[in-house]
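# need coordinates for the below:
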Amino acid sequence: MPTLLLPIQSELQQIRLSFERKKMAITEVWDGVAEVHMALNNQATGLLNLKKDIRGVLEQMEDIQLEILGERAHCRTQARKQQQMMEERLLALRLLLGALLACTAAYVYVVDPTPFEGLVPPLLSRAAVWKLRALLGPFLRLEVDDFLPF
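As a prediction, this is how the structure comes out:
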């Protein structure tokens, strides 16, 4: 029986060695899988942190853009206000000059044209002054004969 057992024991020994080798190979594979799993977990954590950082940067960029847009809107509003003020001042100046011209014309027409007769000749030629006097003369003299009752 010992001779019969010897080949079986030898075969059993080979099966055990093969089993141990396969067991070691499987253990190595599992160790590799565990390392890959840890590496993937580390990468996932890194990606989540990167995602958070990118969100933070995007929020900062959005805040900066809103700030820039606010400053531009403020500058445009100020520019419009300044333009409106300039237009209002120009209108006021035009109205003032128009009123001054109207008052001067009324004074010349109603009250006394003599103070302004000295200004016209230096601005115009003598012939033009005489034509102007001939044209405006009747309007510049105040005639009250028609208004008096007697």
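# scan this protein for its longest helix.
helix 2-106 (DSSP state H).
# what stretches of this structure score poorly on pLDDT?
For the chain, the stretches flagged by pLDDT under 70 are 1-4, 113, 116-124, 129, 140-150.
# quick check: can you list the domain ranges of it?
Residue ranges for each domain of the chain read 2-107, 112-150, as given by automatic domain parsing.
# next, count neighbours for Ser18.
Residues lying near Ser18 (other Cβ atoms under 10 Å) number 10. In this view, the C-beta of every residue, glycine as well, is placed from N, C-alpha and C.
# er, Leu132 actually
Leu132 has 13 nearby residues by other Cβ under 10 Å.
# can you give me the distance of Trp30 to Val36?
11 Å (Cβ to Cβ, to the nearest Å).
# equivalent analysis for Ala105, please.
Separation of Ala105 from Val36 (Cβ to Cβ): 100 Å.
# cool, Thr45 as well?
If you go by Cβ to Cβ, the gap between Thr45 and Val36 works out to 15 Å.
# ok, now which ones touch Leu17?
If a contact means Cβ atoms under 8 Å, 6 or more residues apart in numbering, then Leu17 has no contacts.
# tell me how far it lies from Ala25.
For Leu17, the distance to Ala25 equals 13 Å [Cβ to Cβ].
# likewise Ile64?
Counting by Cβ to Cβ, the separation of Ile64 from Ala25 is 57 Å.
# same question, Asn41
25 Å.
# do the same with Val110
With Cβ to Cβ as the criterion, Val110 and Ala25 are 124 Å apart.
# same check on His74?
Applying Cβ to Cβ, the value for His74 to Ala25 is 72 Å.
# do Thr114 as well
Remark: distance between Thr114 and Ala25 (Cβ to Cβ) = 128 Å.
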